[in-house]
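K.L.:
heads up, no residue letters with this:
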């Protein structure tokens, strides 16, 4: 069955970096887009980034709040998508989730666009 497993979360000081991983199995990973979302306490889940399949050019999308600080990438040999997060801010604190759909497209930041989700990994940015 489809499985997405996030890892790499933790506690980091403001200005620090973390790299999240989303390991996928149970489907043709190279043909699917992967999105990253986050949800802070008391807030709605928001789209952070998406990367399209390699066949679709590996196009990347970012929320304005993370553009220039976060980088999404994929390794089809490892069935894994990464989210490199630099210059972290306290407002980046949230549970981060990855999810999959055939493409990113104009609805990439809409959680209803995705079919399968991981269980999430906690990221805390605090001094």
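P.N.:
Structure received. None of these values were measured; they are calculated from a predicted model. Numbering: from 1, shown residues only.
K.L.:
residue 73 and residue 54: what is the separation?
P.N.:
According to Cβ to Cβ, to the nearest Å, residue 73 stands 11 Å off from residue 54. Placement of C-beta: from N, CA and C, glycine included.
K.L.:
please apply the same query to residue 46.
P.N.:
Computed as Cβ to Cβ, the residue 46 to residue 54 distance reads 26 Å.
K.L.:
ok, the spatially most central residue of the chain - contacts?
P.N.:
With distances taken as Cα atoms, centre = their mean, the residue of the chain nearest its centroid is residue 36 (2.3 Å). Residues in contact with residue 36 (Cβ atoms under 8 Å, 6 or more residues apart in numbering) are 20, 22, 47-50, 72, 81, 83, 96-99.
K.L.:
break down this structure into its strands, ranges please.
P.N.:
Secondary structure of the chain by DSSP state E: the strands cover 3-7, 10-12, 18-25, 33-39, 46-51, 60-62, 70-75, 80-85, 94-101, 116-117, 121-125.
K.L.:
in JSON lines, list the ones you listed along with distance to residue 108.
P.N.:
Output for the strands of the chain, formatted as JSON lines (distance: least, Cβ to Cβ, whole Å):
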{"stretch": "strand 3-7", "distance to residue 108": "16"}
{"stretch": "strand 10-12", "distance to residue 108": "26"}
{"stretch": "strand 18-25", "distance to residue 108": "15"}
{"stretch": "strand 33-39", "distance to residue 108": "6"}
{"stretch": "strand 46-51", "distance to residue 108": "4"}
{"stretch": "strand 60-62", "distance to residue 108": "5"}
{"stretch": "strand 70-75", "distance to residue 108": "11"}
{"stretch": "strand 80-85", "distance to residue 108": "13"}
{"stretch": "strand 94-101", "distance to residue 108": "8"}
{"stretch": "strand 116-117", "distance to residue 108": "15"}
{"stretch": "strand 121-125", "distance to residue 108": "20"}
